[in-house]
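Enquirer: model this:
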Amino acid sequence: MAGEVVLISTFYSFDPFVAAAHAYSPSKIYLVVAKDTLQKIDGDLSKVREFYGKVAAIDVIRVEDSDLFAIAKDTVKLLESQKGRVIVNVSGGWKLLAQGVLYGCYARPSLVEKIICNNLADRSIVEIPKLSYGLTSAKKKLLEEIARRNGRTIAEIARRLEKTPGMLYQHLKELRDNGYVDAEFEITLAGKMALL
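Expert: Reported below is the predicted structural model:
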């Protein structure tokens with residue numbers, strides 16, 4: 001099954017989806033849709049089932065409408081459940097949906113073969129770079145401790161991690177500079193996504 005192509009696509013209407021479906025001939029299609037759009041897009045979902053349902057299994061993944069973290073988390077869960085070659089299409093839907101799916105892909109770049117979108121000028125497919133959050137294991141452990149901080153001081157976290165406070169402050173500065181913690185060294189949305 002390693003050769004099986006899985007297409008995960010943000011979805012709001014039929015047209016932005018078609019180029020990816022034709023280019024990659026998936027045997028499994030996941031359409032990621034915002035819950036509040038389901039009634040509006042029912043006809044387009046039916047069209048996908050009509051055109052592609054005979055050659056691909058199709059599932060609709062309903063996600064929270066504007067919760068970036070929840071969308072990224074759902075994307076990570078979906079990526080981790082796949083066995084084939086995964087292509088992620090972020091052409092359809094609204095911007096928060098596409099961004100949430102991208103952030104999920106950035107949390108698990110090794111599970112994604114390609115991230116693509118449509119070029120509106122000529123309808124060609126454009127590959128989007130696969131990025132990652134770039135955390136070393138030491139910074140990830142520190143960020144995990146910050147996420148579970150519950151009022152603990154940096155000195156207490158340093159003792160728990162068996163590091164000096166000075167060493168931790170250097171890592172914290174880098175985490176802050178990258179937006180993973182705020183000025184008070186509390187975890188940010190970006191930090192939460194980096195821990196997915």
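Enquirer: and residue 117, how far is that from residue 125?
Expert: Distance, residue 117 to residue 125, by Cβ to Cβ, to the nearest Å: 8 Å. No exception for glycine: its C-beta is placed from N, CA and C like everyone else's.
Enquirer: Which one of those two is surrounded by more residues?
Expert: With neighbours defined as other Cβ atoms under 10 Å, residue 117 and residue 125 compare such that residue 117 has more, 20 against 17.
Enquirer: doesn't the more buried one fall inside a strand?
Expert: Yes: Residue 117: assigned to a strand according to DSSP: H, G, I helix; E, B strand; the rest coil.
Enquirer: State the helix or strand in which the nearest residue to it once chain neighbours are set aside lies.
Expert: Excluding the flanking residues, the one nearest residue 117 by Cβ to Cβ, 6 or more residues apart in numbering is residue 91, at 4.7 Å. Counting by DSSP states H and E, no helix or strand carries residue 91.
Enquirer: and residue 91, what is it in contact with?
Expert: Residue 91 makes contact with 9, 10, 16, 17, 19, 20, 98, 116, 117, 118 under the criterion Cβ atoms under 8 Å, 6 or more residues apart in numbering.
Enquirer: how deep is the fifth one tucked in, by neighbour count?
Expert: What it means is residue 19. Neighbourhood size, residue 19 [other Cβ under 10 Å]: 18.
Enquirer: Test my guess that it contacts residue 120.
Expert: No: in this structure, residue 19 is not within contact of residue 120 by Cβ atoms under 8 Å, at 11.1 Å.
Enquirer: Tell me the pLDDT of residue 74.
Expert: At residue 74, the model reports a pLDDT of 97.
Enquirer: Using just helix, strand and coil, how would you label it?
Expert: helix.
Enquirer: From residue 100, how far out is it?
Expert: Taking Cβ to Cβ as the measure, residue 74 falls 8 Å from residue 100.
Enquirer: Equivalent analysis for residue 3, please.
Expert: 29 Å.
Enquirer: and these two? which has more neighbours close in?
Expert: residue 100 (28 against 7).
Enquirer: CA-only coordinates of stretch 112-132 in CSV, if you can.
Expert: The C-alpha trace of stretch 112-132 is given here as CSV (Å, rounded to 0.1, in the frame of the first residue of the first chain):
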residue,chain,number,x,y,z
VAL,A,112,3.5,14.5,4.1
GLU,A,113,4.9,14.0,0.6
LYS,A,114,3.8,17.3,-0.8
ILE,A,115,1.7,20.4,0.1
ILE,A,116,0.1,22.0,-2.9
CYS,A,117,-2.3,24.8,-3.9
ASN,A,118,-3.7,26.2,-7.1
ASN,A,119,-2.1,29.1,-8.9
LEU,A,120,-5.0,31.3,-9.6
ALA,A,121,-3.3,33.0,-12.6
ASP,A,122,-3.0,29.9,-14.8
ARG,A,123,-4.7,27.1,-12.7
SER,A,124,-1.4,25.2,-12.4
ILE,A,125,-0.5,23.4,-9.2
VAL,A,126,2.2,25.1,-7.0
GLU,A,127,4.1,23.1,-4.4
ILE,A,128,4.4,24.8,-1.0
PRO,A,129,7.5,24.2,1.0
LYS,A,130,7.2,21.7,3.8
LEU,A,131,8.4,23.5,6.9
SER,A,132,8.8,22.4,10.5
